[in-house]
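Q: Okay, predicted coordinates and the sequence, questions at the end:
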Amino acid sequence: LQSELDNNPNIRPLYPLPFSTIIDNAPPDNPNKDIDVFVLFGNTYNIRENIIKTILSSELPKKYKLHVAIDHFSDNSDRSGMPTLMPYNIYLDLMSRSKINIMARGHGYDTVRRFEAPMFNGLIMSDRIPIITPDPFIDNVHIVYYDNNLNGFIGRIEYYLNNPGERERIGKSGREHCMKYHTTEARARYFLNKIEQHI
């Protein structure tokens, strides 16, 4: 690819520029993780509803402290009668208190939560999305990816709840990776570096 770019001045590369984490007003990480699993979605893609149904139909609610919720609205519904969404500071606080934060794609592939949740040292479990992310989160190093068909999903949650050393190692590594590569400042540096390469 680089040789094609060097030999053809009419070809211009495209670079990914995903969301980033905004740390200015974020609460500090809460070391007292009193929520086992945090899942809060807008009902904007079918995997999200499937995750909620899978969790609620499992033994997890009987065995662990969960915060599981989904907004039941669709893209073409009138949201004027919807209750006010959870205040952002409460949402961040719940993530900071959670041992495991579960993410899933929404209407679009990327979500801001992909860069919010890692701020708090909790383990992130995420679906796989087909987009390119610079300095990606590596499976079993910074994050845990689950099968998009949810095969073995509940078993993986229980595994990490019952293996705190491994869960905390991945969660801490995810936070360090996020703070190094995925803050708004880091994203701005990446953007400017790409521009400088072509000036």
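A: Everything's here; your move. Just so it is clear, the structure is predicted and the values come from calculations on it, not from any experiment.

Q: Quick one: residues contacting the residue nearest the centre of the chain.
A: Centre of the chain computed as the mean C-alpha position; nearest residue by Cα atoms, centre = their mean is Arg114, 2.6 Å away. Contact partners of Arg114, counting by Cβ atoms under 8 Å, 6 or more residues apart in numbering, are Pro18, Phe19, Met103, Ser126. For the C-beta atoms, the positions are set from N, CA and C on the backbone; glycine is no exception.

Q: tell me the SS of it?
A: helix (DSSP: H, G, I helix; E, B strand; the rest coil).

Q: Return the per-residue confidence for it.
A: Predicted confidence (pLDDT) for Arg114: 92.

Q: Low-confidence stretches in this protein?
A: For the chain, applying pLDDT under 70 flags the ranges 1-6, 9, 72-85.

Q: Relative to whichever strand in it runs longest, what are the paired strands and their orientations?
A: Assignment by DSSP state E gives strand 35-42 as the longest strand of the chain. Strand pairing for strand 35-42, determined by DSSP bridges: strand 66-71 (parallel), strand 98-103 (parallel).

Q: which other residues reach the last one?
A: Okay, so that is strand 98-103. Under Cβ under 8 Å, 6+ apart, the answer for strand 98-103 is 33, 35-39, 51, 67, 95, 111, 113-114, 117, 120, 122-127, 157, 160-161, 164, 167.

Q: how about the nearest residue to Glu158, chain neighbours excluded?
A: Closest residue to Glu158 apart from its sequence neighbours, by Cβ to Cβ, 6 or more residues apart in numbering: Leu60 at 7.4 Å.
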